[in-house]
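Participant: give me coordinates for this.
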Amino acid sequence: MEYYQHDLALVHALGHGGHADRCAPGILELLASVRGGLVLELGCGAGALTRHLLAAGHRVIATDGSDAMLELARAVLGGEVDLRRLVLPDDPLPAADAVVSVGHVISYLPDAAAVDRALVRMAEALRPGGVLAIDVCDLELGRVRAGEDPVGRAGPDWAVIAEFSAPAPDRVVRDITTFVPDGAGAWRRGIERHQYVLVDTALIPALLAEHGVAAAVGSAFGAAGLPIGLRAVTGIRS
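Facilitator: Coordinates of the predicted model:
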């Protein structure tokens, strides 16, 4: 099943852009050295980070694996933005001066081997001097999510409930129920199950170094810290 089908994509676009807004200043600072170059964004969603990249003057190819998300991004960003469907880890990546991603996109992949393949693809896509800036779920997230109470949020025309479980040390499952108006005076309920693979992010710099990227793992892109269990991976290709 494709993640982020229509209703959840809509709820995510309406109520969950804050993570990208918090990450944007730090990412833009990291991209200062490649201003004027091409930025490849992976997992753009409805364009929350894309807006910041474009406003800063970057040329952007924004990609996502969800058709529903791309449709929303197109509505928000306009028809002039280069939006493409791209599914990691095996779809080819265009050469770029920066590869960026927020929302732990590669953590949606099926296993650690797929995460490694995606990281290698990103490294190989970077031109010399290119910048990498992504976030990814660490093994710590499993300890945080295990036994966590359900979380609910609502806006004027949407509501969402998320329930978490950690069936294995390297897995987190999020069961998501959405409610949106059905256009006929009632509410439509949707259900999605998202599974995240967790990795030992301390091992990522060594992997990237084998492919020409000097990288570091941290708890933030800039001044604003990431949620517990999420790590920022940043680097430069030699």
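Participant: which stretches of this protein form strands?
Facilitator: For the chain, applying DSSP state E gives strands covering 38-41, 59-64, 82-85, 96-101, 126-137, 151-155, 158-168, 171-181, 187-197, 213-218, 230-237.
Participant: right, so those: which one is the most enclosed?
Facilitator: Most buried of these, by mean neighbour count (mean count of other C-beta atoms under 10 Å): strand 96-101, with a mean of 26. Every residue, glycine included, has its C-beta placed from N, CA and C.
Participant: shaky segments in the chain?
Facilitator: Within the chain, the stretches with pLDDT under 70 are 1.
Participant: and the spatially most central residue of the chain, how far from P25?
Facilitator: With distances taken as C-alpha atoms, centre = their mean, G103 lies nearest the centre of the chain, 2.9 Å away. For G103, the distance to P25 equals 17 Å [C-beta to C-beta, to the nearest Å].
Participant: in JSON lines: the strands of the chain, plus distance to A32.
Facilitator: Output for the strands of the chain, formatted as JSON lines (distance: least, C-beta to C-beta, whole Å):
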{"stretch": "strand 38-41", "distance to A32": "12"}
{"stretch": "strand 59-64", "distance to A32": "15"}
{"stretch": "strand 82-85", "distance to A32": "22"}
{"stretch": "strand 96-101", "distance to A32": "10"}
{"stretch": "strand 126-137", "distance to A32": "9"}
{"stretch": "strand 151-155", "distance to A32": "34"}
{"stretch": "strand 158-168", "distance to A32": "35"}
{"stretch": "strand 171-181", "distance to A32": "34"}
{"stretch": "strand 187-197", "distance to A32": "31"}
{"stretch": "strand 213-218", "distance to A32": "17"}
{"stretch": "strand 230-237", "distance to A32": "12"}
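Participant: quick one on the thing from earlier: the residue nearest to the centre of the chain contacts H19, correct?
Facilitator: Yes. The pair formed by G103 and H19 meets the contact definition of C-beta atoms under 8 Å, at 6.4 Å.
Participant: now do the shared contacts for these two.
Facilitator: Residues within reach of G103 and of H19 at once, by C-beta atoms under 8 Å, 6 or more residues apart in numbering: there are none.
Participant: re earlier: of the strands of the chain, which is nearest G47?
Facilitator: strand 59-64 (6.7 Å; C-beta to C-beta).
Participant: angle of that closest one against strand 96-101?
Facilitator: 40 degrees (axes from the mean of the first three to the mean of the last three C-alpha atoms, to 10 degrees).
Participant: export strand 59-64 to PDB, keeping only CA atoms.
Facilitator: Provided in PDB are the C-alpha atoms of strand 59-64 (Å, rounded to 0.1, in the frame of the first residue of the first chain):
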ATOM      1  CA  ARG A  59      16.600  25.800  -8.100                       C
ATOM      2  CA  VAL A  60      14.700  22.800  -6.900                       C
ATOM      3  CA  ILE A  61      13.700  19.400  -8.100                       C
ATOM      4  CA  ALA A  62      11.100  18.300  -5.500                       C
ATOM      5  CA  THR A  63      10.200  14.600  -5.400                       C
ATOM      6  CA  ASP A  64       7.900  12.300  -3.500                       C
END
